[in-house]
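[1] sharing a model that was predicted from the sequence below.
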Amino acid sequence: MNIYESIGLSKVINSSGKMTPLGVSTIDNKVGEYMKEAGMSFVKIDSLIDKAGEIISRYTGGEDACVTIGASAGIAISTAACIAKNNISVIEKLPISDGLRNEIILQKGHAVNFGASLTQMVRLGGGVPIEIGQANKVQDFHIEDAINDKTAALLYVKSHHAVQKGMVPIEKMVEIAHKHNLPIIIDSAAEEDLRKYITLGVDLVIYSGGKAIEGPTSGFISGRKDLIQCCKLQYKGIGRAMKVGKENIMGLLKALELYENRNNEKIVKNQKKNMEWLSEEINKIEGLSASITQDEAGRAIYRTRIKIDSKVLGVDAYYIINELEKGNPSIYTRNHYANLGIINVDPRPLQKGEEKIILERFQNIVENIK
């Protein structure tokens, strides 16, 4: 029995991904021990934030970094930093930003919902989101034409939620932003490469601490020192409502240390092997067909893609999903394409042997339909 079952909640098998509604990630014992020890002592928080920024920068290559409670807070704080800069009077007035340079330009295919509206995070920081182009096509001139004396920054979103085709690439957005002496922000919450976007010249790069890094609820912004200093100052304003505790900061630092030394190639190889086994077994079940598919955003994630044949089973993917979730343990799959009759199984959050439990549940559900 885990700690959540002890208070009357259901056991969960997460095959959906690093998803906030399911608790994102499970932390390593060493991270937990670090957090426990951090929670048992006092520390000057401003000094901890500065030291954490110094340590995080060693992993990202940025000039400095600012810890946050998550990537969505990172969007709000980055936006606020680009608008208010280091002006405390303005910081104290945000998110009200009337009369200021407050427009944040982003591509229409990046104005996504990741469980909440991305543009709402911009507004929390005092920004006015300016969506340019169309949902499936944006060109350079759309960005150039939208820039004016109210523009505070450009924002790029690297996410599987975002439209993957027809968008202006990050390299071009960096070029356009710097041509107009504007900062560019990237939300790369779940990305695995911590140095890529700093190397490309992005001014503020946002990561989640709980996704690829598998730390506690946390995040950080890394990049230009002058802008990072402005990010830290936002904790005297809107950042106060998003403050990150000392335990989570120290847990993030330990998770980064473990992430740096992790053999990701070996982990991905084992995950793919498990998904190939599951795919082969699922293909033995009448009415289901399975294959391996790579992550839409190009990350090294290989999932089992299960197609439900409604003509054979007489039920659709939503029925199967409901049966998986209402069982004990509750099994949560990746259901972005359920409307197309497709269920995906993500290997990253699975504990040892859970792919076998998932197979058994699929077998039982189909058997009970007959």
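    Received, thanks.

[2] could you look up the SS state of I56?
    helix (DSSP: H, G, I helix; E, B strand; the rest coil).

[3] okay, strands next: where are they in the stretch 51-200 of the chain?
    64-68, 103-107, 128-132, 151-157, 184-187 (DSSP state E, counting those that start in this stretch).

[4] what's next to stretch 357-370, contact-wise?
    With contacts defined as Cβ atoms under 8 Å, 6 or more residues apart in numbering, stretch 357-370 is touched by 13, 15, 278, 281-282, 285-288, 306, 313-315, 320, 323-324, 327, 329, 331, 345. C-beta coordinates here come from the backbone N, C-alpha and C atoms, glycine included.

[5] what residues of it count as buried?
    Within stretch 357-370, the residues that qualify as buried by neighbour count (16 or more other Cβ atoms under 10 Å) are I357, I358, L359, R361, F362, I365, V366.

[6] ok, now stretch 43-51?
    In stretch 43-51, counting by 16+ other Cβ under 10 Å, buried: L48, I49, D50.

[7] ok, stretch 96-112 next?
    Neighbour-count burial for stretch 96-112 [16+ other Cβ under 10 Å]: 97, 100, 102-112.

[8] show the end-to-end separation of that stretch, please.
    23 Å (Cα to Cα, to the nearest Å).

[9] check stretch 283-300 too.
    With Cα to Cα, one end of stretch 283-300 sits 23 Å from the other.

[10] average pLDDT for it?
    Averaging pLDDT along stretch 283-300 gives 92.

[11] which pLDDT value belongs to Q164?
    Q164 is given a pLDDT of 83.

[12] so what's it closest to, chain neighbours aside?
    E296 (5.9 Å; Cβ to Cβ, 6 or more residues apart in numbering).

[13] ok, which stretches of the stretch 101-250 of the chain are helices?
    118-124, 140-146, 170-179, 196-199, 225-233, 246-260 (DSSP state H, counting those that start in this stretch).

[14] try the stretch 251-370 of the chain
    Applying DSSP H, counting those that start in this stretch to the stretch 251-370 of the chain gives helices spanning 264-282, 310-313, 317-326, 354-369.

[15] who's in contact with N274?
    P347, L350, E355.

[16] for the helix or strand containing D46, name the packing helices and strands.
    Using DSSP states H and E, D46 falls within helix 45-60. Contact partners of helix 45-60 among helices and strands, from 3 or more Cβ pairs under 8 Å, 6 or more residues apart in numbering; DSSP states H and E: strand 64-68, strand 219-223, helix 225-233, helix 246-260.

[17] check which residues of the last one are buried.
    If you call a residue buried by 16+ other Cβ under 10 Å, then helix 246-260 has these buried ones: 246-259.

[18] and those, which is closest to D193?
    Y259 (11.3 Å; Cβ to Cβ).

[19] give me the neighbour count for the closest residue to the closest one other than its chain neighbours.
    With sequence-adjacent residues excluded and distances taken as Cβ to Cβ, 6+ apart, Y259 is closest to I213, at 4.8 Å. For I213, the count of nearby residues is 26 (other Cβ atoms under 10 Å).

[20] these two touch, right, I213 and F220?
    No. If you go by Cβ atoms under 8 Å, I213 and F220 don't touch, sitting 9.4 Å apart.

[21] now the common contact residues for these two.
    Joint contacts of I213 and F220 (Cβ under 8 Å, 6+ apart) are Y207, L252.

[22] picking that back up, from M35, how far out is the residue nearest to Y259?
    With distances taken as Cβ to Cβ, to the nearest Å, I213 is found 14 Å from M35.

[23] what do you get for K232?
    K232 sits 22 Å away from M35, taking Cβ to Cβ as the criterion.

[24] pull out the buried residues from stretch 298-305.
    R299, I301, Y302, R303, T304, R305.

[25] distance of G237 from C231?
    Using Cβ to Cβ, G237 is found at 11 Å from C231.

[26] equivalent analysis for I56, please.
    I56 is 12 Å from C231, by Cβ to Cβ.

[27] so the two - more neighbours on which side?
    Using other Cβ under 10 Å, the more surrounded residue of I56 and C231 is C231, with 30 against 24.

[28] how about that one, what does it touch?
    C66, I77, S78, A80, A81, L204, I221.

[29] which one of those residues is nearest to K172?
    Taking the contacts of C231 together and measuring to K172 by Cβ to Cβ, the closest member is L204, at 17.7 Å.

[30] quick one: contacts for that closest one?
    78, 81-82, 183-186, 221-224, 227-228, 231.

[31] show me what it bridges to in the sheet.
    Beta-bridge partners recorded for L204 (DSSP bridges): I185, G223.

[32] again with V157
    Under the criterion used (DSSP bridges), V157 bridges to D187.

[33] how many neighbours does it have?
    When neighbours are defined as other Cβ under 10 Å, V157 has 24 of them.

[34] kindly report the same for K236.
    Neighbours of K236 under the rule other Cβ under 10 Å: 12.

[35] nearest residue to it in space, please, no chain neighbours.
    I91 (5.7 Å).

[36] my read: that neighbour touches Y235, true?
    No. In this structure, I91 is not within contact of Y235 by Cβ under 8 Å, at 9.3 Å.

[37] need the pLDDT of the nearest residue to A73 once chain neighbours are set aside.
    Using Cβ to Cβ, 6+ apart and skipping residues adjacent in sequence, the residue nearest A73 is M242, 4.0 Å away. Here, the pLDDT recorded for M242 equals 96.
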